[in-house]
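In: A predicted structure for the sequence below; I have some questions about it.
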Amino acid sequence: RSVVESAPPDFALERVLVTRLSPIGDVVFASPLIDAIKRARPDAEVYWLAESFVAPLLQHHAGLRELLIWLRDEWRELFRRGRLWRLSREVLSFRKKLRAYQSDLVLGVQGLLKSAVLAWMAGARARIGFLSKEPTGWLLTERVPKHLEPTISSEYRCLAQYIGLETEDFSMTVALSEAAEEFAERVYDGRPYVVF
């Protein structure tokens, strides 16, 4: 159902799963959701479901309990090769894995059918996502409009506000590994620089 502009419901934030599978830019734009959830509830367990190629953007984020990977290419290859029995076993196994996290809330912030299906597979009572041209309504419990403003992350900020999160600080985060930090310290000599 479409959401009506009103006071936000009181959503449980004990175990939250964010599904933003790709692309790179939008994963970074959505990253402030993690810290916003943790500020509201420091003991919250925040999980993120993504495709493997965006994993380096999230895997070192201190606020994430765990990064879950959807093996989209493997599923696609099984389908292409006609290995439907194996594919169905993989899908059911992944569904079981997602449900084991017992998420209270899934934020399906991709707005696509595939991410809504994965949100539904997680089995959370509350599954919130964006209104979409794709038929996602039957998979989500709430759909909110994408409030696109001329600022980066505006749609994710509005979604955070809808679920009652404070968004004054809504900073994007790409956490680096220890090895990347050490490399940067070795290479950077204090002079101004440009990255292409």
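Out: It's in.
In: from now on I want contacts and neighbour counts done on CA atoms only, so please keep to that.
Out: Fine.
In: just for this protein, where's the confidence low?
Out: In the predicted model, the chain carries pLDDT under 70 at residues 1-10.
In: can you pull out the strands in it?
Out: With strands called from DSSP state E, the chain shows them at 15-19, 45-51, 66-70, 105-108, 126-130, 142-144.
In: could I get those strands as TSV with mean neighbour count and distance to Lys96?
Out: Shown next, in TSV, are these (neighbours: other C-alpha atoms under 10 Å; distance: least, C-alpha to C-alpha, whole Å):
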stretch	mean neighbour count	distance to Lys96
strand 15-19	25	15
strand 45-51	22	14
strand 66-70	18	13
strand 105-108	26	16
strand 126-130	25	17
strand 142-144	20	23
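In: and the ones you listed as a markdown table, adding distance to Thr173?
Out: Shown next, in a markdown table, are the strands of the chain (distance: least, C-alpha to C-alpha, whole Å):
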| stretch | distance to Thr173 |
| --- | --- |
| strand 15-19 | 15 |
| strand 45-51 | 14 |
| strand 66-70 | 15 |
| strand 105-108 | 18 |
| strand 126-130 | 22 |
| strand 142-144 | 24 |
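In: wait, which of those strands is closest to Ser177?
Out: strand 66-70 (14.4 Å; C-alpha to C-alpha).
In: from what I can see Ala126 touches Thr141, true?
Out: Yes - with contact defined as C-alpha atoms under 8 Å, Ala126 reaches Thr141; the gap is 5.9 Å.
In: next, the angle from the longest helix along the chain to strand 66-70.
Out: If you go by DSSP state H, the chain has its longest helix at helix 84-100. Relative orientation of helix 84-100 and strand 66-70, computed by axes from the mean of the first three to the mean of the last three C-alpha atoms, to 10 degrees: 160 degrees.
In: and the closest residue to Val144 other than its chain neighbours, what does it touch?
Out: Distances taken as C-alpha to C-alpha, 6 or more residues apart in numbering place Phe130 nearest to Val144, at 4.8 Å, with adjacent residues excluded. Listed by C-alpha atoms under 8 Å, 6 or more residues apart in numbering, the contact set of Phe130 reads 108-111, 143-146.
In: now do the helices in the chain.
Out: For the chain, the helices defined by DSSP H occupy 24-30, 32-40, 55-58, 72-80, 84-100, 113-121, 154-162, 178-187.
In: dump those into JSON lines; add mean neighbour count as well.
Out: Output for these, formatted as JSON lines (neighbours: other C-alpha atoms under 10 Å):
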{"stretch": "helix 24-30", "mean neighbour count": "19"}
{"stretch": "helix 32-40", "mean neighbour count": "21"}
{"stretch": "helix 55-58", "mean neighbour count": "18"}
{"stretch": "helix 72-80", "mean neighbour count": "13"}
{"stretch": "helix 84-100", "mean neighbour count": "14"}
{"stretch": "helix 113-121", "mean neighbour count": "21"}
{"stretch": "helix 154-162", "mean neighbour count": "20"}
{"stretch": "helix 178-187", "mean neighbour count": "10"}
